[in-house]
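> Could you look at this predicted model? Sequence included:
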Amino acid sequence: MFMLIKKSFAWFITSIVLTFFFIPLVAEELDLYSIKSNASVSSLRFSQNAQKEVLEKLIIRLTNPNLTNAKNIINNYFPDPSRYIKQFQPDVNGQGSIVIMDGESVQKVLLDAGESLWGIDRPPIMVFIAIESGLGEREIVVSDSGFNSFSSSINLDKNQPIKNNILSIAEERGLQIIFPDMNDRDQEVLNFSDVWAGFLDNMLDVSNNYGASNILTAKIRQDEIREHEWRFYFGKDVISFRSNMDQAIHRVANLMSERYMYSGEIPPNEIFINFGLVDSIVDLGEIHLIFKSLSMVESYTINEINQDNIFLNVTYNGPRSDLELSLNKIDNIIPNNDLIRNRRTHNKNQDILNFNIN
């Protein structure tokens with residue numbers, strides 16, 4: 001009876017994957033193509049300079065400014081920048097406008113021009129900033145929601161300018177920045193000394209609760225106004241440097257873009273991923289949500305269904321180690337190192353990752 005149930009389940013899975021899984025993933029990070037402009041709606045409608053400004057901001061997000069010149073690119077390849085503006089509206093949270101760009105078309109022009117791009121693959125960055133203000137006052141910069149949860153509404157967050165500065169540059173470069181809430185759960189694991197001394201394990205424990213695997217830390221002393229000590233834990237790399245706040249965020253953005261940039265001449269990577277112990281449609285839904293949550297995954301298809309195992313052919317951008325690291329951090333799956341590491345397909349060996357549904 002057990003085998004019959006398994007076979008029936010495999011048959012049922014096969015019957016629905018044609019309409020459910022054989023489609024490319026679509027990025028949900030629409031903010032990547034949303035640009036804040038100081039120009040009014042009227043200027044965006046009639047002024048080519050205003051249109052070029054928002055296009056330049058998008059190109060800066062999609063490329064590495066150290067390697068490209070957005071103004072030259074626009075002059076050479078975008079004679080009519082208005083064609084790449086989908087819509088715009090007044091910014092209800094401030095002056096100027098919010099502009100939605102046709103990001104896919106812009107990327108196509110850039111790739112055709114031979115430029116390398118940093119697309120939707122933008123893993124979040126957990127930011128831990130430890131501030132030593134003198135007279136024994138030490139603190140970690142917390143998120144707005146974290147500050148509001150344990151402070152009176154009349155109190156002002158004196159670290160708000162620091163957060164605003166970091167978030168402003170992060171938005172310019174298309175980075176996802178997360179500050180910790182430092183709620184009771186966080187404080188059980190992490191304190192000021194952990195950040196100051198660089199105890200990575202504790203910071204990783206907190207970061208995992210926020211879905212971030214990359215960590216940026218800063219040590220700010222009251223007597224060091226211009227430059228601070230920074231450390232960027234990026235995959236398996238640890239980059240230490242001194243800089244001011246603006247330069248630090250730009251440096252992190254450049255490091256990430258260098259890793260994740262691709263061009264029309266470099267196709268996405270491919271890998272087989274096997275999920276074992278798939279017993280129900282709920283498990284199938286979990287697999288779908290896993291890949292939907294991974295920005296570096298472009299698409300995936302069912303390659304084979306065998307009893308309670310599903311083999312997927314996955315295309316992705318970026319290093320294989322980053323993909324494996326991201327999967328290893330997902331709670332409802334666990335690595336299965338007992339299975340083979342590669343399988344033969346199309347007369348060649350292709351790498352494979354193995355996981356079990358937990």
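Everything's here; your move.
> residues near Leu55, how many?
24 (other C-beta atoms under 10 Å). Backbone N, C-alpha and C define where each C-beta goes, glycine included.
> my read: it touches Pro81, true?
Yes: between Leu55 and Pro81 there is a contact at 4.5 Å, judged by C-beta atoms under 8 Å.
> quick one, helices of this protein?
Per DSSP state H, the chain carries helices over the ranges 2-20, 41-46, 48-62, 70-77, 103-112, 144-150, 160-173, 184-189, 192-197, 200-209, 245-260, 281-293, 320-328.
> Using PDB, write out the CA atom coordinates for the last one.
This points to helix 320-328. Taking Å, rounded to 0.1, in the frame of the first residue of the first chain, the C-alpha atoms of helix 320-328 are listed here in PDB:
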ATOM      1  CA  ARG A 320      27.500  28.000  -6.500                       C
ATOM      2  CA  SER A 321      28.800  28.500  -2.900                       C
ATOM      3  CA  ASP A 322      26.300  31.300  -2.400                       C
ATOM      4  CA  LEU A 323      23.400  29.200  -3.600                       C
ATOM      5  CA  GLU A 324      24.400  26.300  -1.400                       C
ATOM      6  CA  LEU A 325      24.900  28.700   1.600                       C
ATOM      7  CA  SER A 326      21.400  30.200   1.000                       C
ATOM      8  CA  LEU A 327      19.800  26.800   0.800                       C
ATOM      9  CA  ASN A 328      21.600  25.500   3.900                       C
END
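> ok, back up a step: report the set of residues contacting both of Leu55 and Pro81.
Ile74 (C-beta atoms under 8 Å, 6 or more residues apart in numbering).
> and of the helices of the chain, who's closest to Ile271?
Closest approach to Ile271 among the helices of the chain is made by helix 320-328 (6.6 Å; C-beta to C-beta).
> Which elements pack onto that closest one?
strand 269-276, strand 333-335, strand 348-357 (3 or more C-beta pairs under 8 Å, 6 or more residues apart in numbering; DSSP states H and E).
> Could you give the average pLDDT over that helix?
For helix 320-328, the mean per-residue pLDDT is 81.
> got a list of contacts for it?
With C-beta under 8 Å, 6+ apart, helix 320-328 has contacts from 123, 213, 235-236, 259, 269, 271, 273, 290, 294, 296-297, 314, 316, 333, 335, 351, 353, 355.
> Centre of the chain to that helix, how far?
Distance, stretch centre to chain centre, for helix 320-328: 13 Å (C-alpha atoms, centre = their mean, to the nearest Å).
> Tell me the buried residues in it?
Asp322, Leu323, Ser326, Leu327 (16 or more other C-beta atoms under 10 Å).
> ok, which pair from those residues is furthest apart?
Going by C-beta to C-beta, the pair spanning the buried residues of helix 320-328 furthest: Asp322 and Leu327, at 9.8 Å.
> Would you map out the domains in the protein?
Here the domain parsing of the chain from automatic domain parsing is 2-26+266-357, 30-112, 125-260.
> okay, those in JSON lines with distance to Gly119 next?
Output for those, formatted as JSON lines (distance: least, C-beta to C-beta, whole Å):
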{"stretch": "domain 2-26+266-357", "distance to Gly119": "7"}
{"stretch": "domain 30-112", "distance to Gly119": "7"}
{"stretch": "domain 125-260", "distance to Gly119": "8"}
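> Nearest approach to Trp118 belongs to which of those domains?
Taking those one by one with C-beta to C-beta, domain 125-260 is closest: 4.1 Å.
> Span of that closest one from start to end?
15 Å (C-alpha to C-alpha, to the nearest Å).
> the bottom helix or strand of this structure by mean pLDDT?
helix 2-20 (a mean of 43; mean pLDDT, DSSP states H and E).
> what's the span of stretch 273-291, first residue to last?
Note: stretch 273-291 ends 11 Å apart using C-alpha to C-alpha.
> That stretch: which residues count as buried?
For stretch 273-291, by 16+ other C-beta under 10 Å, it's Ile273, Asn274, Phe275, Gly276, Val278, Asp283, Leu284, Glu286, Ile287, Ile290, Phe291.
> and the nearest residue to the fourth one once chain neighbours are set aside, how many neighbours does it have?
Of all residues not flanking Gly276 in the chain, Asn356 sits nearest, at 4.5 Å (C-beta to C-beta, 6 or more residues apart in numbering). Residues lying near Asn356 (other C-beta under 10 Å) number 17.
> was I right about Asn356 contacting Leu277?
Yes: with contact defined as C-beta under 8 Å, Asn356 reaches Leu277; the gap is 4.6 Å.
> got a list of what the nearest residue in space to Gly103 that is not next to it in sequence touches?
Excluding its sequence neighbours, the residue lying closest to Gly103 (C-beta to C-beta, 6+ apart) is Tyr33, at 3.5 Å. Each residue near Tyr33 by C-beta under 8 Å, 6+ apart is listed here: Leu58, Ile100, Met101, Asp102, Gly103.
> Done for today, thanks.
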